[in-house]
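Participant: Any chance you could fold what I've pasted below:
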Amino acid sequence: MLNANEFLKELYARLDSQNDDYKKGQISVADFTDNAFAKMFIEQYKPFLPKDKNAKILDIGVGDGWFSSLCVSLGYKHIELIDFGCSKKFSDIKDGLNEVYAVYDVETSIQSLLHQETFHNQYDFIHLSHVIEHIPKYDLIGTMDSLNGALKKQGTLFLRTPNLLGPAAFNALYCTGGHEYGFVPSNIEQFLLISNFKDIQFHNIRTPSKTVGQFAGSLLRKFYSLNAKIKYRAFEGYFPKTVEPELIVSSKKI
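Facilitator: You can find the predicted model right below:
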């Protein structure tokens, strides 16, 4: 391996080869539109997505396609997908659904792909769920700049990544082979600011509690969060913006 990006490409190609959903090749239109994770989060995502159903949406780090599936269910008409090996999994989706306009393979890095002129000033909304922590530190500024360059003015960048201040940071970062860098509210905000993003906001996205066990778990999480914030105030002198397991942050292109 010559660099971290090549390592990531090889790692996820091997992981996909062990996933039964990917061994059969293309993800079917039926499986794509019936994605359970998309159904779980569809209501929670409505406030964040563009009001215009013709808005151009870019899904980077597609995984099994849950976010794009969610967008299709909500009636968005122009969705593009980017990932390592994306065409091997989603070409049938592109051919079978008019809403999925294009799929792109990452050959070297997200930054290199987005630097192509065809991506400049194109998108109203870019989504990266658990992608940014896979990007090597030396590529982070360039990648953030390229994301800004791909958005239209006032376009939204929506990021999700593990929070190192959260309760499971060790498991979410250091025991995961493909993670290159870790984030807390302050440093992810810093990267956004220096890449000319504004209106930076941190969010919580939770599914409603449907059972007594889920409700009890929700109460325990609230108690943990308060306790963690008090700890940081006592020892570090400040209250962090969030100590949730996941950082969920939106920002706008200036």
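Participant: Tell me if residue 121 really is in a strand.
Facilitator: No. According to DSSP: H, G, I helix; E, B strand; the rest coil, the state of residue 121 is coil, so it is not within a strand.
Participant: Can we start the residue count at 44 from this point?
Facilitator: Understood, numbering begins at 44; the last thing we discussed is residue 164.
Participant: Could you report the neighbour count for it?
Facilitator: The number of residues packed near residue 164 is 13, by other Cβ atoms under 10 Å. The C-beta positions use only the backbone N, C-alpha and C, and glycine is treated the same way.
Participant: Isn't it up against residue 191?
Facilitator: No. Using Cβ atoms under 8 Å as the test, residue 164 is too far from residue 191 to be in contact (10.0 Å).
Participant: Now do the buried residues in stretch 169-183.
Facilitator: 169-178, 182-183 (16 or more other Cβ atoms under 10 Å).
Participant: What segments of this protein are helices?
Facilitator: For the chain, the helices defined by DSSP state H cover 47-60, 63-66, 72-76, 79-88, 109-116, 129-139, 153-157, 180-193, 212, 228-237, 255-279.
Participant: and residue 292, which of the ones you listed is closest to it?
Facilitator: Proximity to residue 292 (Cβ to Cβ) singles out helix 228-237 among the helices of the chain, at 6.1 Å.
Participant: Taking helix 180-193 as reference, get the angle to that closest one.
Facilitator: 50 degrees (axes from the mean of the first three to the mean of the last three Cα atoms, to 10 degrees).
Participant: got the contact list for helix 228-237?
Facilitator: 175, 183-184, 187, 200, 202, 204, 206, 208, 243, 245, 283-285, 290, 292, 294 (Cβ atoms under 8 Å, 6 or more residues apart in numbering).
Participant: Select only the buried ones of the residues you listed in PyMOL?
Facilitator: To isolate the buried subset of these in PyMOL, counting by 16+ other Cβ under 10 Å, use the following:
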select buried, resi 175+183+187+200+202+204+206+208+243+245+283+284+285+290+292+294
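Participant: Identify those among the contacts of helix 228-237 that sit within strands.
Facilitator: Under the assignment DSSP state E, the contacts of helix 228-237 contribute 200, 202, 204, 243, 245, 290, 292, 294 to strands.
Participant: Give the residue spans of the stretch 194-297 of the chain that score low on pLDDT.
Facilitator: By pLDDT under 70, the low-scoring segments of the stretch 194-297 of the chain are 250-253, 257-258.
Participant: For residue 181, give me its contacts.
Facilitator: By Cβ under 8 Å, 6+ apart, no residues touch residue 181.
Participant: ok, now residue 98?
Facilitator: When contacts are counted by Cβ under 8 Å, 6+ apart, residue 98 touches 92, 119, 121, 167-168.
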